[in-house]
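Visitor: Build me a model:
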Amino acid sequence: MLVIAMETGAPPGGRRRWAGRRHDDDRPDASSGSSAAELFDSVFHALHDGEQVALGLECALTLVGDDALAGDDALAESAASRPGLAELGYLLGELGTWRPWTTVSTSLERWKANTSILVWQAVPAPGSGGVTASAAADSFFRQLPVLAGRGREPGAGPVVNLAAAAARRAGLFVDPSELARPTLSITVTGA
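Guide: Numbers count the residues shown, from 1 in each chain. The predicted structure is shown next:
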């Protein structure tokens, strides 16, 4: 398993930093880069080697309540230009071109069963100054055992899953039910 997280705040020089590591590698930032092409190469090679990939982004991937009520295709399309979602759209679009059989999920249960890519949301811990890619990937590994035993949490009204919508726009398979379910969220702890 390869876990990667992407920082979506104001990037230095306009390049988005990403970092991650494999489940059997404890080195921080064992995989890292700052370009969409490097990210695609890392994800593509992991999938080619038969690994599952968990890709976290530090941006809102789910619209809930009143925001979701207006969540038609036009809203999902306009959200695609938000920081992080544009990069996700690029990555998934490239995978749709080179690996059209790739399956994407935003649900841990579905990903563990048969999916090649899990897209998840990296949420800053209360009172923290933000999210670093390394800390997000480490938090995913620390929280995975707890998350695996937890069922889906109820939403607070209507939901639009922007990550699932981006995967569908890229031509990749996403279970249609995920479009109306929240994206998996991991609270990032640590530096």
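Visitor: Please make it C-alpha for all contacts and neighbour counts, starting now.
Guide: Fine.
Visitor: Could you export the one helix or strand Tyr90 maps to as CSV, CA atoms only?
Guide: For Tyr90, the element it lies in under DSSP states H and E is helix 85-98. Presented in CSV, the C-alpha positions along helix 85-98 are these (Å, rounded to 0.1, in the frame of the first residue of the first chain):
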residue,chain,number,x,y,z
LEU,A,85,-9.2,19.4,-6.8
ALA,A,86,-7.6,20.7,-10.0
GLU,A,87,-4.6,18.5,-9.3
LEU,A,88,-6.8,15.6,-8.4
GLY,A,89,-8.7,16.0,-11.7
TYR,A,90,-5.4,16.0,-13.6
LEU,A,91,-4.1,12.9,-11.8
LEU,A,92,-7.4,11.0,-12.3
GLY,A,93,-7.6,12.2,-15.9
GLU,A,94,-4.2,10.8,-16.7
LEU,A,95,-5.0,7.6,-15.0
GLY,A,96,-8.2,7.4,-17.1
THR,A,97,-6.1,7.7,-20.2
TRP,A,98,-3.3,5.2,-19.2
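Visitor: What mean pLDDT does the helix or strand just after it get?
Guide: The helix or strand immediately downstream of helix 85-98 is strand 104-105, counting by DSSP H and E. This predicted structure assigns strand 104-105 an average pLDDT of 92.
Visitor: Kindly report the same for stretch 132-146.
Guide: Model confidence over stretch 132-146, given as mean pLDDT, is 84.
Visitor: ditto for stretch 56-64
Guide: Per-region confidence: stretch 56-64 scores 82 on mean pLDDT.
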